[in-house]
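A.B. asks: make a model of this:
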Amino acid sequence: MSLVSPYWRKTRRLTGWLLLVWVVLTFGVSWFARELNELYFFGFPFGFYFAAQGILLCYLGIIVYYSRRMHELDARHEVDEG
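C.D. replies: Residues are numbered from 1 along each chain as shown. Below is the predicted model of the structure:
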């Protein structure tokens with residue numbers, strides 16, 4: 001018998017995948033900065049623009065996705081937040 005409920009298994013899987021996306025975005029931009037700086041976006045090197053502005057929007061997207069997905073999981077598994 002499994003000690004971990006399906007709800008917690010799905011929650012951990014979602015958190016793990018989103019952390020992986022966060023790591024790839026955070027370190028991927030730094031790793032490929034020279035290649036990204038060869039492209040220009042509104043007159044700025046793309047690596048600079050993405051690191052300064054775009055990555056923040058990506059983080060916000062991760063938070064919004066996590067919130068919506070957890071709300072769905074809570075409703076499906078009848079978990080009370082209160």
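
A.B. asks: residues making contact with the helix or strand Gly47 falls within?
C.D. replies: Using DSSP states H and E, the element containing Gly47 is helix 46-49. Contact partners of helix 46-49, identified using Cβ atoms under 8 Å, 6 or more residues apart in numbering, comprise 29, 32-42. All C-beta spots, glycine's among them, are computed from the backbone N, C-alpha and C.

A.B. asks: now do 7 Å
C.D. replies: Helix 46-49 is contacted from outside by 29, 33, 36-37, 39-41, using Cβ atoms under 7 Å, 6 or more residues apart in numbering.

A.B. asks: what about Phe50, neighbour count?
C.D. replies: 23 (other Cβ atoms under 10 Å).

A.B. asks: sorry, that was for Leu20
C.D. replies: The burial count for Leu20: 10, using other Cβ under 10 Å.

A.B. asks: kindly indicate whether it is helix, strand or coil.
C.D. replies: helix (DSSP: H, G, I helix; E, B strand; the rest coil).

A.B. asks: what pLDDT does it get?
C.D. replies: Looking at Leu20, its pLDDT is 97.

A.B. asks: right, and Leu18 touches Ser67 too?
C.D. replies: No. Counting by Cβ atoms under 7 Å, Leu18 does not reach Ser67; the two are 11.0 Å apart.

A.B. asks: between these two, which one's more packed in?
C.D. replies: The neighbour count for Leu18 versus Ser67, taken as other Cβ under 10 Å, is higher for Leu18 (15 against 10).

A.B. asks: how far off centre is the helix or strand bottoming out on mean pLDDT in the chain?
C.D. replies: Ranked by mean pLDDT, DSSP states H and E, the helix or strand of the chain with the weakest confidence is helix 46-49, at a mean of 80. Its chain's average C-alpha position is 19 Å from that of helix 46-49, according to Cα atoms, centre = their mean, to the nearest Å.
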